[in-house]
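*Asks:* Coordinates for the following, if possible.
(2 chains)
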Protein chains: 2
Amino acid sequence: MRTLAKEVSQHIGKEITVQGWVHRIRELGGISFVLLRDRSGLIQLVFQGSPDIGHEYVISASGKVEASDKAEGGAEIHVSSIEVLAKAEQDLPIPVNQDPSQLSIEAILDNRLISLRNPKIRSIFQMQSGLVKYFADYLRSKDFTEIKTSKLISSGTEGGTGLFEVNYFDNKVYLAQSPQFYKQAMVASGLERVFEIGMAYRAEKHDTPRHLNEYVSMDVEMGFIESEHELMDLEEGILSYIFEETAKNHADILNLWGATVPDPDKVSKIPRIPYDEAKKIASDRAGKKLFELNPEAERVLCDWAAEEAGIEAVFVHSFPRRARPFYTYPDGRSTKSFDLLFRGLEITTGGRRINDYNMLKEVLPHFGLTEEGLGGYMDIFKYGCPPHGGFAIGLERLTQKILGLANVKEASLFPRDRKRVTP
Amino acid sequence: MRTLAKEVSQHIGKEITVQGWVHRIRELGGISFVLLRDRSGLIQLVFQGSPDIGHEYVISASGKVEASDKAEGGAEIHVSSIEVLAKAEQDLPIPVNQDPSQLSIEAILDNRLISLRNPKIRSIFQMQSGLVKYFADYLRSKDFTEIKTSKLISSGTEGGTGLFEVNYFDNKVYLAQSPQFYKQAMVASGLERVFEIGMAYRAEKHDTPRHLNEYVSMDVEMGFIESEHELMDLEEGILSYIFEETAKNHADILNLWGATVPDPDKVSKIPRIPYDEAKKIASDRAGKKLFELNPEAERVLCDWAAEEAGIEAVFVHSFPRRARPFYTYPDGRSTKSFDLLFRGLEITTGGRRINDYNMLKEVLPHFGLTEEGLGGYMDIFKYGCPPHGGFAIGLERLTQKILGLANVKEASLFPRDRKRVTP
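*Replies:* Below you'll find the model as predicted:
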């Protein structure tokens, strides 16, 4: 029976077996102190003499547990027998057992298979696994159905730019930028409330700390709404639940990163301001006229919200029509749409969609689109589609902003950018 | 406040509002009986005269709830006011309100946006949403971490055949056939136990009732195992939990399809037989010599298991080396690998993997592979990788076999095959 590192202190005085990676080796007066790393944490092993092991060897060690004030977790194991399960070459390209803040983002990503061994880097993805669960659990509790839709599409709903082309037998297809088409179709099909957690692809050339060419989109679509504010209410519910569960279940990881989540009770206080007003507030705070909500505006608006409402988040709604895709529900020259900015970064785009077939048909030419060019998209609306809307939360951006990571790529296990396609 | 169809009978004598699609209209002596469909089910509306609506109109109807023995759910609504939320054209390509067994698979898939409105067809995906959850919940309860890995890879771990090519900026990359590389990497990175629910791609030309070119792979990988039988034990645990929850939460859907799940207590009785013995049993039952485990063999083996063990499932293990990928842990001329056959269909392939760098290096030339050709794959094993293994369950195949669907494409919302890339 294997015991996990974090459980060792419950077995003081007993013989146990632990398994994991050799994290650090220190010799002192004929005794070797070895830190062993497993998925749960670190535990100190004490050997008489020098065991024949190196860093990152995978071992199974048995021995007696002794209380120790100096060892992590308050206990250490005095090893009586050891088995090497796998050897490791000793030319590690980057160190595993040091504070990763010394490493450049390039070093971390170029050596991804090794950098993920660092407990602090690994912890990003232990928390992220939780975020996926909390998102899904909350929506299921509100009667949403989880869907899995194709990522291979014959045409883009956003007009065909920014798509990666796939050679599909004798056809050309594209990687979906979002499940927009499909989530709307599933509302209209009668599921009414759906969510999807899946990959989305953007063939955008810019390489910034906020962009990924492949990311996990947490998508929501909801039928029978009367206003886009119901969508913002729903997102508040999701985020409040996510923050609450994160604080409860991942306090150690937040601690490791010196991070905190917003007070879940403050989420319902997130200001909702129209686009024009947002521009004005941002311009005032930036001390110069901002003509659009650029990254600088996103930052100062979140600062403003922190002062105004005690939470670094703000819903900007009523975007102008030219700034939104054709399917967005119009409201004069404005639209029933919104973004959520969180800690200086847009983490959500959403809004009500046009659900009336004729209204949508009239809109198309203004965007240079045709019914035929949209594949089967228009069929969704031909046969009775309720008022609906939705939004998407970028999983990596949410992870980044919760932990305070400098670059969104740090929140993707195997990020893809213009140049990076390995590992 | 909207009331769902399934809740109407709790409001007898009260005024309520329901919203949904007009499923069926019947007129009788100046009274119209309208079946309204929403995500929860059907409810009968009673109108004086003929309301100005057609099939699939989306409406909001208010009125008084009356008990009714004849109406579904024991109640009906005597409508006093109605609002049309969306009109529907009346040239439906296929009927929504009839038993879908009359429709061909082509009609169902060519008109996917409409066929999904059929409550029986829709129910497939309401249950499937549950399967995803039960799979994830069970693994989380065993300390597995959910991962999301890139589907864009620079080379295939299976040797490069059967891959879809993607034009990625100035590069060629491929759609991943499985997260094999990444789930092994995450075991080695120290997460030890991981699962992923994501798309997998196979550029295989055959068009059969058991194949999809894009499918949802529910992948598992687990470190620190001593034998591949631990993986089979784990899969039994997963399936037993899935069957139990499905019987509990989706009894209505199983009923609709005339389906049952296996007794969860029988799952631990699934026979485990070596490949050679499986071939012999299959040949005996088929009355002819079978040289491989073809679809016919899969069927008769499951019949055999039903008689032997009371469950239509069997683990076949110890596949010959030539039948398994290079990374499979060898065992003489055989391997530490297995398939799970369920109701006549392979729903899982799995096994222990080679975790020793040198052992893996020796194997490559026998498969016509080189270390360089595998991208960074070999790096996983260079720096200490514990004994491990894993498997994957095809979500659509599991769905198909639980409900007894004739074609796996019926269990995919928007299936992709050689010719089908829309909707």
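
*Asks:* Would you confirm that A:Leu42 contacts A:Ala75?
*Replies:* No - the pair A:Leu42 / A:Ala75 is not scored as a contact, 11.4 Å apart, by Cβ atoms under 8 Å. Just so you know, the C-beta spots here come from the backbone N, C-alpha and C atoms, and that holds for glycine as well.

*Asks:* So A:Leu403 sits against A:Leu254, correct?
*Replies:* Yes - counting by Cβ under 8 Å, A:Leu254 is a contact partner of A:Leu403 at 7.5 Å.

*Asks:* Looking at those two, which is more packed in?
*Replies:* Set A:Leu403 next to A:Leu254 and count neighbours by other Cβ atoms under 10 Å in any protein chain shown: A:Leu403 wins out with 23 against 19.

*Asks:* show me what contacts A:Ser240?
*Replies:* Neighbouring residues of A:Ser240 by Cβ atoms under 8 Å, 6 or more residues apart in numbering or on different chains: A:264-265, A:267-268.

*Asks:* In contact with the residue of the stretch 301-423 of chain A found nearest chain B, which residues?
*Replies:* Distance from chain B to each residue of the stretch 301-423 of chain A (Cβ to the nearest Cβ) is smallest for A:Gly384, at 3.4 Å. By Cβ under 8 Å, 6+ apart, the contact set of A:Gly384 is A:188, B:21-22, B:56-58, B:86-88.

*Asks:* What backbone torsions are found at it?
*Replies:* phi 90, psi 90 (degrees, to the nearest 10).

*Asks:* Spatially nearest residue to it, not counting backbone neighbours?
*Replies:* For A:Gly384, ignoring the flanking residues on the chain, the nearest one in space by Cβ to Cβ, 6 or more residues apart in numbering or on different chains is B:Ala88 at 3.4 Å.

*Asks:* again, but for A:Ile16
*Replies:* Looking at A:Ile16 with Cβ to Cβ, 6+ apart, the closest residue is A:Thr3, at 4.4 Å.

*Asks:* So that neighbour versus B:Ala71, what's the distance?
*Replies:* 61 Å (Cβ to Cβ, to the nearest Å).

*Asks:* can you list the weak-confidence ranges in chain A?
*Replies:* Applying pLDDT under 70 to chain A flags the ranges A:156-161.

*Asks:* Just the buried positions in the longest strand along it, please.
*Replies:* Criterion DSSP state E: the longest strand present in chain A is strand A:15-28. Going by neighbour count (16 or more other Cβ atoms under 10 Å in any protein chain shown), the buried part of strand A:15-28 is A:16, A:18-25.

*Asks:* Same check on stretch A:351-358?
*Replies:* Residues of stretch A:351-358 classed as buried by neighbour count (16+ other Cβ under 10 Å): A:351-355, A:357.

*Asks:* Please apply the same query to stretch A:286-297.
*Replies:* Neighbour count says stretch A:286-297 has A:290, A:293, A:297 buried, by 16+ other Cβ under 10 Å.

*Asks:* what do you get for stretch A:93-100?
*Replies:* A:94-97, A:100.

*Asks:* next SSE after the helix or strand hosting A:Asp219?
*Replies:* Taking DSSP states H and E as the definition, A:Asp219 sits inside strand A:214-223. Downstream of strand A:214-223, the next assigned helix or strand under DSSP H and E is helix A:229-249.

*Asks:* the inter-axis angle of that following helix versus strand A:214-223?
*Replies:* Angle, helix A:229-249 to strand A:214-223, by axes from the mean of the first three to the mean of the last three Cα atoms, to 10 degrees: 130 degrees.

*Asks:* Give the buried residues for helix A:229-249.
*Replies:* By 16+ other Cβ under 10 Å, the buried positions in helix A:229-249 come out as A:231-232, A:234-246.

*Asks:* ok, the closest residue to A:Lys289 other than its chain neighbours - contacts?
*Replies:* Among residues not flanking A:Lys289 along the chain, A:Ser283 sits closest, at 5.1 Å (Cβ to Cβ, 6+ apart). Counting by Cβ under 8 Å, 6+ apart, A:Ser283 makes contact with A:289-290, A:297.

*Asks:* centre of the chain versus the helix or strand hosting A:Ser283, how much separation?
*Replies:* Per DSSP H and E: A:Ser283 is located in helix A:275-286. Between the centre of helix A:275-286 and the centre of its chain there are 28 Å (Cα atoms, centre = their mean, to the nearest Å).

*Asks:* Could you give me the buried positions within it?
*Replies:* Buried, per 16+ other Cβ under 10 Å, within helix A:275-286: A:275, A:278-279, A:281-282, A:285.

*Asks:* counting contacts, what elements does the helix or strand just after it pack onto?
*Replies:* Going down the chain from helix A:275-286, the next helix or strand is helix A:295-309, by DSSP H and E. Judged by 3 or more Cβ pairs under 8 Å, 6 or more residues apart in numbering or on different chains; DSSP states H and E, helix A:295-309 is in contact with helix A:275-286, strand A:313-317, strand A:337-342, strand A:345-353.

*Asks:* Same list, these, but as TSV with distance to B:Pro119 please.
*Replies:* Below are the helices and strands packed on helix A:295-309 laid out as TSV (distance: least, Cβ to Cβ, whole Å):
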stretch	distance to B:Pro119
helix A:275-286	41
strand A:313-317	36
strand A:337-342	32
strand A:345-353	24
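
*Asks:* To A:Arg193, which of those lies closest?
*Replies:* Ranking these by proximity to A:Arg193 (Cβ to Cβ) places strand A:345-353 first, at 14.3 Å.
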